[in-house]
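Asker: 3D model of this:
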Amino acid sequence: MASEHNPIAGLIHQIQQKWIDEVSPYPQIKIARWLIQPDQARLFEGFLKLESTEHGALPEVLVTMLTPFKNERIYAADLIKDWIEAYTRDEKTQQKLVSVNKTIDWNAESFLPENAEHNSIDQTDQLIKMLTAFHAKMIGNNMRLIVALFPYSIHDMEGLKRWLVSLLKKDIPENITFMLFDHVGEYYFDSVFARFPDSTKSLHISLDLDGAINKITKMGDPNSPEIQFRECMLEMGKAVQHKNITQVNKWGEKGLTVTQRSGMRSMFATAHIIYAGMLFNFKVHDKIDALLSSGLTIAKQGLQTEAATCRPLIIQFYGYTGASKQVQKKMKDAITAYEKQGDLAMEYQLAAMALTPYWQAYNLSKKNEPLRYKELLKKAYSIKDFMQKEELENSSFAVIAYDYMKWLEDNQQWEEAKQTDNEFKEIYGDDWKEQVKKPGASSIKMRESFVVQ
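Answerer: Reported below is the predicted structural model:
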């Protein structure tokens with residue numbers, strides 16, 4: 001079996017078996033949630049991707065929906081739109097369905113929210129009707145349909161809870177079950193599951209992800225610089241957990257040595273930025289700044305032969321430099337670094353990577369370089385011209401748009417402020433401003449893990 005040789009595959013097999021044992025035999029379960037640690041999210045993404053292929057092991061048909069949750073009023077309609085769009089565009093899925101069902105006569109478009117016949121229908125009811133029809137036409141009675149709700153972003157956690165309650169009050173057929181994910185320690189959906197103990201199920205499984213990563217790290221040629229560097233990163237991570245700076249330095253220096261020997265500028269530069277990142281936990285600023293400066297020089301040297309890998313690295317180096325200067329209260333230097341980070345992201349046509357640095361730059365300038373606030377805010381706002389609507393929906397741009405609109409209002413540019421408001425209502429919904437201001441709106445708050453606010 002592949003899992004014998006691939007530790008990650010072994011963990012995914014445990015996930016599959018947990019579902020098969022505790023959910024598959026019980027059609028009365030309408031929503032099952034996985035309780036996971038944040039660092040396990042990528043592992044469960046792999047599980048979902050695997051189950052969407054012919055290599056999946058679950059006895060059900062699993063479809064993953066990444067639709068962002070904007071608010072409870074439109075989520076069901078958004079799910080319907082995304083489901084139908086994915087179905088009509090995915091030729092492979094349709095071919096796969098043809099192979100198990102001789103005829104396909106499912107009228108997908110009839111369920112779209114804009115269809116006049118359904119304008120007055122509750123869209124959560126309509127979602128269930130659509131899934132029921134899809135199941136009947138495409139799957140048949142021998143298999144259940146599992147709908148995994150894995151939204152790109154959640155703008156309103158309380159709204160999502162209310163939507164789940166409304167969903168569980170509906171008459172969900174036995175051949176349809178929803179899957180979702182919750183964080184251990186946060187338990188966002190406890191109140192929902194407590195209200196519906198007979199139709200919900202919580203799943204938790206102990207997964208030795210660190211052990212699997214450790215095994216993978218040691219797989220391959222032990223003399224390979226890449227394999228040796230993986231070991232250095234793993235050991236540095238352990239040393240950080242134990243707050244042992246001596247070990248961090250030992251393995252950080254070894255990482256520099258083995259990657260320099262590789263002859264690859266991108267790998268050598270990566271060793272610098274990872275080592276510096278580990279040292280942020282110990283606030284040794286001189287060492288951090290020296291590593292970032294050297295690594296940036298190496299990454300720039302690599303542009304001629306390794307442009308594709310060195311460009312994102314250079315962007316990251318300026319971000320880490322900005323964070324280091326900010327921690328040291330050298331705010332003008334931090335602003336300069338963040339602005340440079342955003343400028344390079346735009347130059348390299350990586351607009352989404354410019355959002356956070358430009359946001360950092362104009363927010364820091366408000367107190368430290370107020371004469372530059374307008375210039376930097378406008379630079380941040382201009383990113384929208386280089387992003388598609390879907391990219392804006394799934395990004396943190398709403399924060400920048402809100403700051404820009406407030407600036408227009410403060411400067412009595414009322415008409416332009418109104419136009420801006422209307423433009424982003426179409427993207428984020430009518431209550432987008434309230435969502436930005438809400439303290440718990442996790443998805444539309446700018447975040448940079450290594451930056452101290």
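Asker: Can you mark which positions in the helix or strand containing Met236 are buried?
Answerer: Counting by DSSP states H and E, the element that carries Met236 is helix 225-241. Across helix 225-241, burial judged by 16 or more other CB atoms under 10 Å covers 225, 227-236, 239-240. Every C-beta, even on glycine, is put in place using the N, C-alpha and C of the backbone.
Asker: Kindly export it (C-alpha atoms) in CSV.
Answerer: Written as CSV, here are the backbone C-alpha positions of helix 225-241 (Å, rounded to 0.1, in the frame of the first residue of the first chain):
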residue,chain,number,x,y,z
PRO,A,225,21.3,19.4,0.3
GLU,A,226,17.5,19.5,0.0
ILE,A,227,17.1,16.6,2.4
GLN,A,228,19.7,18.0,4.8
PHE,A,229,18.0,21.4,4.7
ARG,A,230,14.7,19.8,5.5
GLU,A,231,16.3,18.3,8.6
CYS,A,232,17.7,21.7,9.6
MET,A,233,14.2,23.3,9.3
LEU,A,234,12.6,20.6,11.4
GLU,A,235,15.2,20.9,14.1
MET,A,236,15.0,24.7,14.2
GLY,A,237,11.3,24.4,14.6
LYS,A,238,11.7,22.0,17.6
ALA,A,239,14.3,24.4,19.1
VAL,A,240,11.9,27.3,18.8
GLN,A,241,9.2,25.3,20.6
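Asker: neighbours of Ala354, just the number please.
Answerer: Burial measure for Ala354: 25 neighbouring residues, criterion other CB atoms under 10 Å.
Asker: quick one: the helix ranked longest in the chain to chain centroid distance?
Answerer: Secondary structure of the chain per DSSP state H: the longest helix is helix 303-327. Averaging C-alpha positions (CA atoms, centre = their mean, to the nearest Å) puts helix 303-327 21 Å from its chain's average.
Asker: Could you do stretch 251-261 as well?
Answerer: Distance, centroid of stretch 251-261 to centroid of chain: 31 Å (CA atoms, centre = their mean).
Asker: again, but for stretch 29-39
Answerer: Using CA atoms, centre = their mean, the offset of stretch 29-39 from its chain centre is 16 Å.
Asker: How about stretch 386-397?
Answerer: Distance, centroid of stretch 386-397 to centroid of chain: 13 Å (CA atoms, centre = their mean).
Asker: residues of that stretch that come out buried?
Answerer: By 16+ other CB under 10 Å, the buried positions in stretch 386-397 come out as 387, 392-397.
Asker: again, but for stretch 352-361
Answerer: Buried, per 16+ other CB under 10 Å, within stretch 352-361: 352-361.
Asker: avg pLDDT for it?
Answerer: Per-region confidence: stretch 352-361 scores 94 on mean pLDDT.
Asker: Show me what the next helix or strand after the helix holding Met236 is packed up against.
Answerer: Following helix 225-241 in sequence order, the next helix or strand is helix 245-262 (DSSP H and E). Judged by 3 or more CB pairs under 8 Å, 6 or more residues apart in numbering; DSSP states H and E, helix 245-262 is in contact with helix 225-241, helix 265-279.
Asker: How is Trp34 assigned, secondary-structure-wise?
Answerer: strand (DSSP: H, G, I helix; E, B strand; the rest coil).
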